[in-house]
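# quick check, what structure comes out for this input:
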Amino acid sequence: MKSVFSVFFALLAGLSCLAQPEVIDKVVATVGGELVLLSEVEEQYALMEAQQGVVPEGLRCNIMDQLMANKLLLNQAKLDSIQVSEEEVEAQLDARIERILGFMNNDVTQFEAYYGQTVNQVKEQFREDLRSQILIDRMRGQVMQSVSVTPSEVKKFFNSIPQDSLPYFNSEVEIGEVVYKPMINEEERQKAIGKLEEIRKAIIEEGADFAQLAAKHSDDGSARAGGDLGWAKRGRYVPEFEAAAFKLEKDEISPVVESEFGFHIIQMLERRGNSIHLRHILIKPEITDADLDLARAHLDSVRHLILSDSISFSQAVKLYSDKNVQSFNNDGRMVNPATGNTFFEIGDLEPDIYFTIDTMKVGGISAPFEFRNEVGEIFYRIVMLQSRTAPHRANLKQDYSKIQKAAIEAKKNDFITDWIEQKVDATYIAIDPMYNGCMVLNKWKRQDIRP
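Model prediction:
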């Protein structure tokens, strides 16, 4: 639950300004052509206070330091003419709103009550902030792209840590999975197609409103916007959907199109070169209990093939696992989204996986069990416990990848600090006197006036 709320707060962070009490605002720093506002400092302070309860002394100084670093990166990104497309901003904005709505059980009323604005108003108000954040991330990536560490640097970094300060790692596991999506039976498939064909006929022959029918019938988040998917360039959509969309003329409505998500009808609203503005209606066929039973039986037969040594686990992944899940391209190994590697602390596992592998021996393979993906679709998986480490103090043999990552982060911190110092002397910097007591901000003052 702690990790769920951490994600929730991270998603809310960018939108927190819309739900905070109003702050009497003023400019508290200027970095080149960018301004730091008092409200930005106070909003981040309030957010961290809500997350942590007790905040460290000097937190406002540290927040100010980080905001100024971001403004310097943003200023440099604009000087270097780094570009961010409208499609990229819209895609990230939609994804963030969808995630927040997901935590609110897709209750738009709850969302609007929290922020005091409609979803579209929130998107409009947050759009420029998100564009700036993408520019900052892109500029930081360019500054850091050459940073790497050699094995000798990793060893030197590890040896520089006092023995009594080395972290203690809990037990960790590596898990492989074979994932199977239940097949839709033909009767339900035809029902979905028939429903969409009736909707299409009502629009084309009877003049029914596409947006109203999308809001009523579409089985995805775009229903809230009348099926509107916004602008997108080629490559944004799955192949079957995109191929049908790019064939359409303005205002034309496609025949029923099948994709991995279900069945669609698509309308072309506008086209600008290689960018298209679409809306659609998605109907997902119903999964019956019989379909689920067949899926479970299918995966159970795959499990028996592995246990009888007829095929290896790796072969089972290649032959039977869903190609759209991340683990398919990693030989079935699941990747921990928090760390980017294949190791999970027990407490980080999804509950159904935790209870499945809790008493399992290394090399053991579970019976099939049901789970839902991030959009609520039902899948089945079997999992293999591939390794389990005992709790231990950090060492190079067992924890090289973690120590390497920490070494890279330390080097990046040094690198960005040096970069900031180089840029400060060539950039106009002004800081409000209210922050004169912040020693961490001394590096932002010109060399000739630093104490």
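# so for the helix ranked longest in the chain, what gets flagged as buried?
With secondary structure taken from DSSP state H, the chain has its longest helix at helix 396-424. Neighbour-count burial for helix 396-424 flags 398-399, 402-408, 411, 416, 419-420, 423-424 (criterion: 16 or more other C-beta atoms under 10 Å). C-beta here means a position set from N, CA and C on the backbone, and glycine is covered the same way.
# show me where pLDDT drops low in the protein?
For the chain, applying pLDDT under 70 flags the ranges 1-23, 106, 446-451.
# break it down into its domains, please.
2-145+431-449, 169-183+288-393, 186-283 (automatic domain parsing).
# would you turn those into a markdown table with mean neighbour count and distance to residue 158?
Listed next are the domains of the chain as a markdown table, based on neighbours: other C-beta atoms under 10 Å; distance: least, C-beta to C-beta, whole Å:
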| stretch | mean neighbour count | distance to residue 158 |
| --- | --- | --- |
| domain 2-145+431-449 | 15 | 21 |
| domain 169-183+288-393 | 16 | 12 |
| domain 186-283 | 16 | 42 |
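# of those domains, which is nearest residue 155?
domain 169-183+288-393 (16.6 Å; C-beta to C-beta).
# now find how far off-centre the closest one is within its chain.
Distance of domain 169-183+288-393 from the chain centroid (C-alpha atoms, centre = their mean, to the nearest Å) equals 21 Å.
# now do stretch 113-125
That offset, for stretch 113-125, works out to 21 Å (C-alpha atoms, centre = their mean).
# in the stretch 151-300 of the chain, what residue spans correspond to strands?
Remark: strands assigned in the stretch 151-300 of the chain by DSSP state E, counting those that start in this stretch are 168-169, 172-180, 228-233, 257-259, 262-272, 275-283.
# quick one: closest of the ones you listed to residue 307.
Comparing these by C-beta to C-beta, strand 172-180 comes nearest, at 12.6 Å.
# so which of the domains of the chain comes closest to residue 159?
Using C-beta to C-beta, the nearest of the domains of the chain to residue 159 is domain 169-183+288-393, at 14.3 Å.
# that closest one spans what distance, first to last residue?
6 Å (C-alpha to C-alpha, to the nearest Å).
# can you give me the separation between residue 255 and residue 247?
For residue 255, the distance to residue 247 (C-beta to C-beta, to the nearest Å) stands at 10 Å.
# let me have the strands of the stretch 151-300 of the chain in CSV, extended by distance to residue 352.
Compiled in CSV, the strands of the stretch 151-300 of the chain are given as follows (distance: least, C-beta to C-beta, whole Å):
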stretch, distance to residue 352
strand 168-169, 24
strand 172-180, 12
strand 228-233, 33
strand 257-259, 28
strand 262-272, 25
strand 275-283, 27
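# just to revisit the earlier point, summarise which helices and strands the longest helix of the chain is packed against.
helix 59-79, helix 119-144, helix 151-159, strand 168-169 (3 or more C-beta pairs under 8 Å, 6 or more residues apart in numbering; DSSP states H and E).
# ok so, going back, in CSV, list the domains of the chain along with distance to residue 162.
CSV is the format used below for these (distance: least, C-beta to C-beta, whole Å):
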stretch, distance to residue 162
domain 2-145+431-449, 22
domain 169-183+288-393, 12
domain 186-283, 50
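# helices or strands up against the host helix or strand of residue 114?
If you go by DSSP states H and E, residue 114 is part of helix 108-115. Judged by 3+ C-beta pairs under 8 Å, 6+ apart, the packing partners of helix 108-115 are helix 86-103, helix 119-144.
# circling back to that earlier point, which one of the buried residues of helix 396-424 is nearest to residue 196?
Closest to residue 196, out of all of those and judged by C-beta to C-beta, is residue 405, at 47.8 Å.
# any idea how far that closest one is from residue 157?
To residue 157, residue 405 is 11 Å away according to C-beta to C-beta.
# again, but for residue 400
In terms of C-beta to C-beta, residue 400 sits 11 Å off from residue 157.
# also residue 146?
18 Å.
# who has more neighbours, those two?
residue 157 (17 against 7; other C-beta atoms under 10 Å).
# residue 356 reaches residue 369, doesn't it?
Yes. Using C-beta atoms under 8 Å, residue 356 and residue 369 qualify as a contacting pair, with a distance of 6.5 Å.
# now, which of the buried residues of helix 396-424 sits nearest residue 42?
Once C-beta to C-beta is applied, the member of those that ends up nearest residue 42 is residue 420, at 23.5 Å.
# surely the closest one touches residue 69?
Yes. Using C-beta under 8 Å, residue 420 is in contact with residue 69, at 6.2 Å.
# gap between residue 116 and residue 47?
In terms of C-beta to C-beta, residue 116 sits 17 Å off from residue 47.
# quick one on the thing from earlier: who wins for proximity to residue 241 among the helices and strands packed on helix 396-424?
Closest to residue 241 of the helices and strands packed on helix 396-424 is helix 119-144 (C-beta to C-beta; 23.0 Å).
# just want the angle from that closest one to helix 396-424.
100 degrees (axes from the mean of the first three to the mean of the last three C-alpha atoms, to 10 degrees).
# list the contacts for residue 250?
Each residue near residue 250 by C-beta atoms under 8 Å, 6 or more residues apart in numbering is listed here: 268-271.
# quick check: the farthest pair among the residues you listed?
269 and 271 (8.5 Å).
# what residues are shared contacts of those two?
The contact lists of residue 269 and residue 271 share 250, 277, where a contact means C-beta under 8 Å, 6+ apart.
# ok, which stretches of the stretch 251-400 of the chain are helices?
Secondary structure of the stretch 251-400 of the chain (DSSP state H, counting those that start in this stretch): helices located at 289-307, 313-320, 351-357, 396-424.
# how close does the spatially closest residue to residue 407 that is not a sequence neighbour sit to residue 291?
Leaving out its chain neighbours, the residue that sits closest to residue 407 by C-beta to C-beta, 6 or more residues apart in numbering is residue 157, at 3.9 Å. Using C-beta to C-beta, we find residue 157 at a distance of 53 Å from residue 291.
# cool, and residue 423?
From residue 423 to residue 291 the distance is 59 Å (C-beta to C-beta).
# repeat for residue 437
66 Å.
# now residue 138
In terms of C-beta to C-beta, residue 138 sits 44 Å off from residue 291.
# try residue 409
Distance of residue 409 to residue 291, given as C-beta to C-beta: 46 Å.
# residue 110 too?
33 Å.
# next: residue 197.
Distance from residue 197 to residue 291, by C-beta to C-beta: 22 Å.
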